[in-house]
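Undergrad: Here you go, sequence then predicted model.
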Amino acid sequence: MLRPWLLALTAALALPAGAIEIKDDLGQITTLAAPPQRVVSLLPSLTETVCELGACARLVGVDRYSNFPASVNALPKLGGLDDTNVEMIAALKPDVVLLATASRVSERLRALGLKVIALEPRSYKDVQRVLNTLGQVLGVSDAQRVWRYIDAGVSAAAASVPPSARGIRVYYEVASGLWAAGESSFMGETLTRLGAGNIIPAQLGPFPKINPEYVVKANPGLIMIGTRSAEGLATRPGWDRIDAIRRGRVCVFKPEEGDILSRPGPRMAEAAQIMARCLREKAGA
């Protein structure tokens, strides 16, 4: 019986010269003959990461929500998670398609003979791992330089938060319907780095759907929320008793800020600065 290391070595030797073997977040193994020159990205955070790694020119199509950097807005838009245009993707003849693990078209694309890599960054550790994976895929030698930039930026944001704002308990609503950012999400991890608390414990998962009464009982001292979800916030049953609402400690993020805050990728340092500014302005007095 061959030892595991010998099996791995045998498999590696069997690959053609220059070939790349990638195991994605669904456990699927994809072999690329060479770094792809035609890339489709169906997740905004992956689109931004590809560009930050210097491979924006290789993108030939993106999902409808990918809008940064500005150059990707000129690319064919291929739909969203529930209405991905498979025929249009196939017509673009990509060398690889990057998508979320929740995508419903992975198998259809593979059945068409396309190379598919599913990646889902949800935490800081995930972001580092995805950077490594995309660095391998794209043939970029030091993908972790992006992580070092992110990490330094988050640390700088944390240093800007005054002691008076540290420890405040935050409720961060990431989407209408009371979907929240938990401690184990990348947003929650940023809050922790900034010295804030989180009313959504890690055991509830990264982005759980929360009962409104749960938030009332938790009584957060600060609420972070997007423009679309903020309407009628104070009129939710019982929410007028929440300390954050009584004291006006609510940060309402504009849609463009929401994009930055919700994407686990190169702009996470900028997201940390947005959160830090909220903490300074609403809880630092």
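TA: Sure, I can see it. Numbers count the residues shown, from 1 in each chain.
Undergrad: okay, the nearest residue to P94 once chain neighbours are set aside: pLDDT?
TA: Counting by CB to CB, 6 or more residues apart in numbering, P94 lies nearest to V40, which is 4.3 Å off, once chain neighbours are set aside. In short, each C-beta sits where N, CA and C put it, glycine included. If you check V40, the pLDDT there is 98.
Undergrad: which residue packs closest to A276, ignoring adjacent ones?
TA: Distance criterion CB to CB, 6+ apart; nearest residue to A276, sequence neighbours excluded, is A157 at 4.1 Å.
Undergrad: what number of residues lie near the one you found?
TA: A157: 23 surrounding residues under other CB atoms under 10 Å.
Undergrad: Double-check it against L279; I have them as touching.
TA: No: between A157 and L279 there is no contact under CB atoms under 8 Å: 9.3 Å.
Undergrad: Which pLDDT value goes with the nearest residue to Y124 once chain neighbours are set aside?
TA: In space, Y124 comes closest to E189 once its chain neighbours are excluded; the distance is 5.0 Å by CB to CB, 6+ apart. With respect to pLDDT, E189 scores 98.
Undergrad: now E189: how far from T47?
TA: E189 sits 22 Å away from T47, going by CB to CB, to the nearest Å.
Undergrad: In terms of neighbours, single out the busier of those two.
TA: Between E189 and T47, T47 has the larger neighbour count (other CB under 10 Å), namely 27 against 24.
Undergrad: contacting residues around the more buried one?
TA: Going by CB atoms under 8 Å, 6 or more residues apart in numbering, T47 touches S41, L59, V62, D63, S66, F68, V72.
Undergrad: same thing but 7 Å
TA: Contact partners of T47, counting by CB atoms under 7 Å, 6 or more residues apart in numbering, are S41, L59, V62, S66, V72.
Undergrad: just the helices in the protein please.
TA: Ranges of helices in the chain, per DSSP state H, are 4-14, 44-52, 86-91, 106-111, 124-138, 144-159, 186-193, 212-218, 227-230, 243-246, 255-261, 268-283.
Undergrad: per-stretch mean pLDDT over the ones you listed, give me the minimum one.
TA: Among those, helix 4-14 carries the lowest mean pLDDT (a mean of 47).
Undergrad: picking up where we left off before, which residues do A157 and L279 both contact?
TA: L194.
Undergrad: which of the contacts of T47 has the most neighbours?
TA: Most neighbours among the contacts of T47, by other CB under 10 Å: S41, with 29 neighbours.
Undergrad: Would you check how far apart that one and C51 are?
TA: Shown here: S41 relative to C51, a distance of 9 Å by CB to CB.
Undergrad: do T192 as well
TA: T192 sits 28 Å away from C51, going by CB to CB.
Undergrad: what do you get for T101?
TA: With CB to CB as the criterion, T101 and C51 are 21 Å apart.
Undergrad: These two - which one has more neighbours?
TA: Taking neighbours as other CB under 10 Å, T101 and C51 compare with C51 leading, 21 against 14.
Undergrad: Assess the claim that the more buried one and S66 are in contact.
TA: No: here C51 does not reach S66: they are 9.5 Å apart, not a contact under CB atoms under 7 Å.
Undergrad: what's the closest non-adjacent residue to G238?
TA: Distance criterion CB to CB, 6+ apart; nearest residue to G238, sequence neighbours excluded, is V216 at 4.3 Å.
Undergrad: who's in contact with that neighbour?
TA: V216 touches G238, W239, R241, I242, counting by CB under 7 Å, 6+ apart.
Undergrad: where does L43 land on pLDDT?
TA: For L43, the pLDDT comes out at 97.
Undergrad: you'd agree S160 is up against A276?
TA: Yes: if you go by CB under 7 Å, S160 and A276 touch, sitting 5.1 Å apart.
Undergrad: Just want to know which of these two has more residues nearby.
TA: Each of S160 and A276 has its neighbours counted (other CB under 10 Å); A276 has more, 25 against 15.
Undergrad: For stretch 159-172, list the C-alpha coordinates in PDB.
TA: Only the C-alpha atoms of stretch 159-172 are listed here, as PDB (Å, rounded to 0.1, in the frame of the first residue of the first chain):
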ATOM      1  CA  ALA A 159      -5.800  52.100  16.000                       C
ATOM      2  CA  SER A 160      -8.100  55.000  15.000                       C
ATOM      3  CA  VAL A 161     -10.900  53.700  17.300                       C
ATOM      4  CA  PRO A 162     -10.900  55.600  20.700                       C
ATOM      5  CA  PRO A 163     -11.000  53.700  24.000                       C
ATOM      6  CA  SER A 164     -14.400  55.100  24.700                       C
ATOM      7  CA  ALA A 165     -15.900  53.200  21.700                       C
ATOM      8  CA  ARG A 166     -14.200  49.900  22.500                       C
ATOM      9  CA  GLY A 167     -16.400  47.100  23.900                       C
ATOM     10  CA  ILE A 168     -19.700  48.600  22.500                       C
ATOM     11  CA  ARG A 169     -22.000  45.700  21.500                       C
ATOM     12  CA  VAL A 170     -23.000  45.900  17.800                       C
ATOM     13  CA  TYR A 171     -25.900  44.500  15.800                       C
ATOM     14  CA  TYR A 172     -24.900  44.500  12.100                       C
END
